[in-house]
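> Sequence below, structure please.
(one chain, ligands or ions: 1)
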Amino acid sequence: MSRTAKTGKALPVRAARWELKFSTRIALLFGMLGMVAISVVMVYSLRTAQDNLQSEIKNSLAQHQRSIVSLIETRLQLLEVYLHSASARRTVTALSEQAQPVEQIAADVAFMFQDANIDSKLEVFFLLDPAGKLVMDAGLPLFDIVPLVAALRAPIHYAHGWNLVLAGEQSALLKATPIFDPATIQLRGYLFVGLALGQNRRLVADLLAGSNLDLLVLGHAQTPLVWQGESPLALQPERPLAILEQDDDGLYIKRAAISLGGTNEPFWLTLGVSDNRFASIYSAYFNSFLLLSAGFLLLLVVAAWLLRISHDRAIGQLLGFIEAIQAGDRGRAFRPTGIYEYNRVGFAMQRMVEDLHVAAAVFDSAEGMAVTDARHQVLRVNQAFTRITGYSAEDVVGHSLDFMLVQAGNDMLRGAILAALGQQGAWQGELLGRRKNGQQYPQWVSITEVRGGGERQVLNYVITLIDTTQRKAAEQRIEQLAYYDPLTNLPNRRLQRERLEKALLASAESGQYGAVLFIDLDDFKTLNDARGHDIGDLLLQQVAVRLSGCVRHSDSVARIGGDEFVVLLEELGSNETSAAQQAESIADKILFSLRQPFRIGQMEHFSTLSIGISVFQGGAQQVDELLKQADLAMYQAKAAGRNQHCFFAPEMQARVLQRASLESDLRQGLLKGEFVLYYQAQIDQQAGLYGAEVLLRWQHPERGLLAPGEIIPVAEGSGLILPLGEWVLETACATLAQWRQRPQTQHLSLSVNVSAKQLQQLDFVEQVLHIVKRSGCDPQRLKLEITESMLLDGREAVIAKMARLKTHGLRFSLDDFGTGYSSLSYLKSLPLDQLKIDRSFVNDLLTDPQDADIARTIVSLAKALKLEVIAEGVESLEQCERLSSFGCTRFQGYYFGRPVPLEQLLTGEVVESR
Ligand SMILES: Nc1nc2c(ncn2[C@@H]2O[C@H](COP(=O)(O)O[C@H]3[C@@H](O)[C@H](n4cnc5c(=O)[nH]c(N)nc54)O[C@@H]3COP(=O)(O)O)[C@@H](O)[C@H]2O)c(=O)[nH]1
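Sure, this is the predicted structure:
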């Protein structure tokens, strides 16, 4: 037998041995059940009917027995009444006179009882004389009483109750009464009445009258006395009492012991009735049984029909669901039927289908999948497998996948995989695969056993392949990004730290010295800002190449940020001096190498660098500490004039600590008001003192008066420059406000140094205007000194702030002019009022023609830009005169006065010289 699947292929389906439609099966089952049930009911009903019949017959016969006994008793009582009545009246006369016929006595009794038929009741009625001789027989002639009289014992016995007298075939129940002569009270005889029993057909007829009995036998002891009807069982006195029996002719017979006339005689009465008389009861039972069976069968048919309908509907729904799934309706949900079991099947099937869809979806996932049998022969592969490996299903089905593995011959690996599969049922790991085109590729392989069957033996292996080529490349890329500087391809700070940690451990083990060179390019920021970041990047790349060229292969060069590089030198021997010498020689080599001109595009650039060296012998030191030491040494090298190296010395550390403590002091100093302002006079050639520069001083409780050089870097580093700068501005404005009050001073202006951090504040303009307004000073007398370097970051924003402040009357001076890289066009865009010639040019003005030229140029430039110009650091008359010769008319310097407290500024010679 075969069934056609959706694919059109014939699927072999083994039919069950007794395959029947469910409805047919139900009909058969119900039919059989109906037959069995009807048979059982029939047997039960018949037996019940029989039992009921017998019980009815039994009851009926018992009833008849009671009636018959009652009839006989009634007859006896009547006879007794007759007897006594007859004895009371004429009977005595009759006996004495002998004239009264017996008929007359009977007629008297009949008259007395008004009973015309009394003759028929007085069947046995006779008189005996005292000697027991029959005097008169007044009973019915039907009965011959002679044998009875002969069988009598003394007549007196019969005066006390009924007595059975048996005389051959004759028998009767007799009772007597003595007859006395009323006059003499002499016994004259006995009057007897009796009920004839033996062969008394009249009695039997009377007893059977109106009954449906077919048999009656009245017996005494072993002798039937009178009977009517025939049955072989009826005349057998030995038959059991009170048991219903049936003879071969179907006659039901029941014998019972009875008591008559108060005697103790063993009378028995057997009654019989033919089963024909109960045919109607049988037929009633049979008919109702037939009716019941027919009704039951009908019910069965209806039930089977209803069952079939509901089954057909439910199975139709279930089949519809299955066929829809087969037809590709994947999202079809099972609609519950009215039958619980089918719903379970339907829902189980729906879950199964969903699981199969999930499994199919999983199988069609982006991961390559192959399913093999227990002998590793491929059964199925998915599309991703083909995409990854290049092998189609036809290429691999029926083969082992070993040929695709580069390590196929590696027995150890194979053994490890099989061992893992045996123990955990799964293995995963990285294997080198070979694609169909021969290309090798890394792949992550997972193998999982599928077990089943009674003994849970391995049925299949599911193999998942993930091509990790891209992931590995990405990992490498991530590692490159995480550990290498993308600009120079040198290790970055993170990698260098790790290498340093390893180097320290190695050094601790070997006892060999190593060294860290912290390298910072001199003036790189200036180049970067002036020439742009692209040029800066090119320089950094070339620096990286040169640095790498200066060290051994085993050494490590890293760029840890901006223009900072760290070189790690290892295995410098176990002699500290020799190690330091080696480090120094490499530092010199680096300095020399980097001093050579760089060619960046069309431009030739000269660069120098500062190197801090820290020598280490692992164990005691931490990476951070080592880097910090080298960094400090590098700053030392910068402070010492740049383009040189400097070894770390513990004093440097002390300075750092000192700086930290200064920061804490500075915070306290601000709170305690330890800061003061000094004023350095600014002189106009014609007008004399025209203003002053405000210079910060700190009256340190322990260290005395500190200059800005010690305060400002710490304040800027800690952020305290903001409250400090605000205080300076407020104090200067307060001075200006005071000066405004006095005619001698109201023309004086003040220059206030502003730090880059102050200027970068978003609300700098508002802050300044607020302070100015609150102080009540003339904003035109306030000049803010900025440096070129402040304009490097966020130049547009700084210019906008300057412009806003200028609209409120404030003025700006460009400090240290000439030391930076300001271009002319850039200078022109700044909203300036004054250029300040840097002290370094003034210093060598008289000796260095180049500085003199610069100073002259700055004066000319200021004039061209219509700006004031002032020279700072003027220490001699000669310098002053030379600057005057260039056209500079304003001066500041020790020649005119050192920075002094406010009181001294106004009382000093300068004011007087005005
Ligand atoms: N942000 C702030 N910066 C401030 C503040 N106060 C000062 N500073 C900055 O500190 C720099 C150094 O100031 P100071 O140590 O006070 O030195 C000034 C003068 O003492 C010195 N000077 C003046 N004349 C001469 C001279 O003839 N010879 C000589 N060797 N030195 C001289 O120059 C300093 C003033 O220079 P300048 O500012 O360039 O005019 C100082 O430069 C400020 O940058 C402050 O409150 N806030």
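
> Which positions in the stretch 701-850 of the chain make contact with the ligand?
A707, P708, G709, I712, G725, V728, N753, S755, D815, D816, R839 (C-beta under 6 Å from any ligand atom). Backbone N, C-alpha and C define where each C-beta goes, glycine included.

> I'd like the next helix or strand past the helix or strand that contains the fifth one.
Assigned by DSSP states H and E, G725 falls within helix 721-741. For helix 721-741, the succeeding helix or strand toward the C-terminus, using DSSP H and E, is strand 749-753.

> where's that following strand relative to the chain centroid, distance-wise?
Distance of strand 749-753 from the chain centroid (C-alpha atoms, centre = their mean, to the nearest Å) equals 72 Å.

> Now do that strand, average pLDDT.
Regarding strand 749-753, the rounded mean pLDDT is 97.

> Report the angle between that strand and helix 721-741.
180 degrees (axes from the mean of the first three to the mean of the last three C-alpha atoms, to 10 degrees).

> After strand 749-753, which helix or strand is next? Please name it.
Elements were assigned by DSSP H and E; along the chain past strand 749-753, the next helix or strand is helix 756-759.

> contact partners of that following helix?
With contacts defined as C-beta atoms under 8 Å, 6 or more residues apart in numbering, helix 756-759 is touched by 716, 719, 721-722, 725-726, 764, 786-787, 789-790, 793, 798, 801.

> Pretty sure L696 sits in a strand.
Yes - applying DSSP: H, G, I helix; E, B strand; the rest coil, one finds L696 inside a strand.

> What's opposite it in the beta bridge?
On the basis of DSSP bridges, L696 is bridged to L677.

> is it true that V445 touches A420?
No - look at V445 against A420 with C-beta atoms under 8 Å: they stay out of range, at 11.8 Å.

> L748 against Y690, yeah?
Yes - using C-beta under 8 Å, L748 and Y690 qualify as a contacting pair, with a distance of 6.7 Å.

> Those two: which is more packed in?
Between L748 and Y690, counted using other C-beta atoms under 10 Å, L748 has the larger neighbour count: 22 against 16.

> Contacts only, for the more buried one.
By C-beta under 8 Å, 6+ apart, the contact set of L748 is L689, Y690, G691, A692, L736, W739, R781.

> Quick one: residues contacting the closest residue to the fourth one other than its chain neighbours.
The spatially closest residue to A692, leaving aside those adjacent along the chain, is Y679, at 4.0 Å (C-beta to C-beta, 6 or more residues apart in numbering). In this structure, Y679 makes contact with A692, E693, V694, L695, T735, L750, P899, V900, P901, L902, L905, judged by C-beta under 8 Å, 6+ apart.

> from those, which would you call buried?
A692, E693, V694, L695, T735, L750, P899, V900, L902, L905 (16 or more other C-beta atoms under 10 Å).

> closest to T48 among the residues you listed?
Set against T48, the nearest of those by C-beta to C-beta is V694 (134.2 Å).

> quick one: that closest one and P899, what's the gap?
Distance of V694 to P899, computed by C-beta to C-beta, to the nearest Å: 9 Å.

> rewinding a little: reformat the contacts of L748 as TSV; add secondary structure.
Below are those laid out as TSV (three-state DSSP):
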residue	secondary structure
L689	strand
Y690	strand
G691	strand
A692	strand
L736	helix
W739	helix
R781	helix
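
> Residue ranges in the stretch 301-450 of the chain under the pLDDT threshold?
Counting by pLDDT under 70, the stretch 301-450 of the chain has low-confidence residues at 330.

> Contact partners for the residue in it positioned nearest to the ligand?
Nearest residue of the stretch 301-450 of the chain to the ligand (C-beta to the nearest ligand atom) works out as P442 at 60.0 Å. Taking C-beta under 8 Å, 6+ apart, we find P442 in contact with E430, L432, G433, D467, T468, T469, K472.
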